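Peer 1: I'll drop the sequence and a predicted model, then ask my questions.
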Amino acid sequence: MLILLFLLVHNSGVPKAPSTLGVNPFVQFLSRSEGDVKIVEPDTSLVMIEDFAGGSIPLSEYLSKDFPQRQLAMTKDPAMQKMISSLNTYRTTSANEGLIAVDFFETLNRAGVHATIRYARDLHVSDLNEGNTILIGGPNSDPWVTLFNDRINFRHVDNIAQQTSSFENLRPAAGEQAHYINTWGNQSVGYVDIALTQNLSQSGYVLLINGADMQANEAAARFMLHGRLPPEISSLLNRKDLRYFELFLRSKHIAGESDSTFELVAFRIK
């Protein structure tokens, strides 16, 4: 795993003059919204701790001062205990998701939006009450996304013990499946859910990018920043009473490479 060096972001030269010309509707939407944008990177160390311990870790436990004592108590192997303890001290994220954060940071900066990069383990509940936030990753790498579970329709379900991954469609519309299974191999098929909802105080917005894997997250972020959004979503982003939208996409990639080509499976608007 690679540790993202934030100094590369903050020392990348003189910022370009803010401009919203030529940017897509989502970037324009954020440029019109009040407050800064916090770009939250997922905790890859947490994913590895969950893999070693054999189960997902809820937000309440993730935030506990005792974390990861329960995982250490469940593990009798001293080498494994040392590994879990070491992982708990590291601030790691994947290279793909590190690139996402940098792309968001630089694109928003050029559009005149003040953005900061944060790490999931350094976030606080109060951060989700203020301004706008981009949460990258699913519940296993960023438990903060579970605070918005009741607002999304396509829910990512990882079964670590059985090594399966899928998305549950809570309210299937006509022609939709109840479950969408992610598959891996020489040509992987992965799904990604992109949802925009109001923050906890309803004073700003939270964008959730929850993909089957890090490659799907990277491709979905590029789509939101630089892609051509569906007309229904582009129109919605111009409304002052915007509350929620959700895009559910299917992507394919080969041997760990991200792919910018998506198939729109379904969307929800409100």
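Peer 2: It's in.
Peer 1: Domain ranges for this structure, per the record?
Peer 2: Annotated domains of the chain cover 22-43+93-269, 44-92 [automatic domain parsing].
Peer 1: Low-confidence bits of the stretch 101-250 of the chain, can you list those?
Peer 2: The stretch 101-250 of the chain contains residues with pLDDT under 70 at 160-161.
Peer 1: So which residues of it form strands?
Peer 2: For the stretch 101-250 of the chain, the strands defined by DSSP state E, counting those that start in this stretch cover 115-119, 132-136, 154-159, 164-169, 179-181, 187-198, 205-211, 244-254.
Peer 1: that older thread, go through the domains of the chain and pick out the most buried.
Peer 2: Ranked by mean neighbour count, these are led by domain 22-43+93-269 with a mean of 18 (mean count of other Cβ atoms under 10 Å). Yep, even glycine has a C-beta here, placed from its N, CA and C like the rest.
Peer 1: which ones are touching Tyr205?
Peer 2: Tyr205 makes contact with Ser33, Asn132, Thr133, Leu196, Thr197, Gln198, Asn199, Leu242, according to Cβ atoms under 8 Å, 6 or more residues apart in numbering.
Peer 1: Show me which pair in the residues you listed is furthest apart.
Peer 2: Thr133 and Leu242 (15.6 Å; Cβ to Cβ).
Peer 1: rewinding a little: any chance of the strands of the stretch 101-250 of the chain in TSV, plus distance to Asn96?
Peer 2: Output for the strands of the stretch 101-250 of the chain, formatted as TSV (distance: least, Cβ to Cβ, whole Å):
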stretch	distance to Asn96
strand 115-119	15
strand 132-136	10
strand 154-159	17
strand 164-169	16
strand 179-181	21
strand 187-198	12
strand 205-211	10
strand 244-254	11
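Peer 1: Go through the chain and flag its longest helix.
Peer 2: Looking across the chain with DSSP state H, the single longest helix is helix 95-110.
Peer 1: Show me what it is packed up against.
Peer 2: Contact here means 3 or more Cβ pairs under 8 Å, 6 or more residues apart in numbering; DSSP states H and E; on that basis helix 95-110 packs against helix 7-10, helix 25-32, strand 37-41, strand 115-119, strand 132-136, helix 214-226.
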